[in-house]
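S.K.: give me the fold of what follows.
(one chain, ligands or ions: 1)
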Amino acid sequence: MRIDVVTIFPEYLEPLRAALLGRAIERGLIEVDVHDLRDWTHDVHRSVDDSPYGGGPGMVMKPQIWGAALDEVCATPARLIVPSPAGRPFTQAMAHELAAEPRLVFACGRYEGIDQRVIDDAATRMPVDEVSIGDYVLIGGEVAVLVMVEAIVRLLPGVLGNQLSHEQDSFSDGLLEGPSYTRPEVWRGLAVPEVLRSGNHALIDRWRRDQALARTYERRPDLLAALPEDALDQHDHAV
Ligand SMILES: Nc1c(O)cccc1[N+](=O)[O-]
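M.R.: Sure, this is the predicted structure:
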């Protein structure tokens, strides 16, 4: 997979080159290029924004600059992702969908966002998704790109050491992950649940499923409601 990011703060994306993602780049599993939007400006101040039509607070990012940048960066086919508080919610299912794409381009807005015509124009030439990582206000889209790229790239074959681990993720079966434990057996008077030390894997699997159902029921009943009809079997009793 090739990933391009267009931003006015390229340094914000440095974490993409660290740890597991950095190793995926070194191993050629992914290619990441970060572009400075200001490289497409021509004025002495390298300005990328202007005041909004209709008035209101803040500034809007200029269509001419973004248009020139995306014309060049998206000259070869790509799916354009625009992090936005007004976007569709980013979910594990969307991460899987985007992990199947050969090329993703992320456009990081700042200020009050990018002139809408940039998105409308791009959508005439490529798939464009405005995507939100959550209902809160950020200063820009860069941190959302870090979140999405990590969630997407970890799904690619070979990136995670243990391929099985992402198949047992939270959300992989539509439920929250239950609690995890490791040594010591007792820590500050708190013991690891005995079933996990029983060696009975059928019982352990049942316990883990029950824990996931109970935690999902307690913290995210919306996920339970969204489960497909056949997701729960006769052994599942969301307490
Ligand atoms: N929430 C937010 C924002 O305020 C600005 C850019 C991107 C996002 N987001 O992806 O959720």
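
S.K.: quick check, pLDDT for the nearest residue to Pro102 once chain neighbours are set aside.
M.R.: The shortest distance from Pro102 to any non-neighbouring residue, by CB to CB, 6 or more residues apart in numbering, is to Met1 (6.3 Å). For every residue, glycine as well, the C-beta is placed using N, CA and C. pLDDT recorded at Met1 is 97.

S.K.: I'd say Met1 and Leu98 touch.
M.R.: No - with contact defined as CB atoms under 8 Å, Met1 does not count as touching Leu98 (9.1 Å).

S.K.: the residue nearest to Ala191 when sequence neighbours are not counted: how many residues sit nearby?
M.R.: Closest residue to Ala191 apart from its sequence neighbours, by CB to CB, 6+ apart: Glu185 at 6.4 Å. When neighbours are counted by other CB atoms under 10 Å, Glu185 registers 12.

S.K.: against the ligand, how distant is Glu185?
M.R.: 42 Å (CB to the nearest ligand atom, to the nearest Å).

S.K.: check contacts around that residue.
M.R.: Ala191, Val192, Arg197 (CB atoms under 8 Å, 6 or more residues apart in numbering).

S.K.: how much space separates the first one from Arg46?
M.R.: For Ala191, the distance to Arg46 equals 61 Å [CB to CB, to the nearest Å].

S.K.: same drill for these two, tell me which one is more crowded.
M.R.: Of the pair Ala191 and Arg46, Arg46 is the one with more neighbours under other CB under 10 Å, namely 14 against 11.

S.K.: which element is that one on?
M.R.: Taking DSSP states H and E as the definition, one finds Arg46 inside no helix or strand.

S.K.: give me the below-cutoff pLDDT ranges for this structure.
M.R.: 162-170, 237-239 (pLDDT under 70).

S.K.: helix, strand, or coil at the closest residue to Val159 other than its chain neighbours?
M.R.: Once flanking residues are discounted, Val159 sits nearest to Ala24: 4.8 Å by CB to CB, 6+ apart. Ala24 falls in the helix class when you classify it by DSSP: H, G, I helix; E, B strand; the rest coil.

S.K.: and for Arg88?
M.R.: strand.
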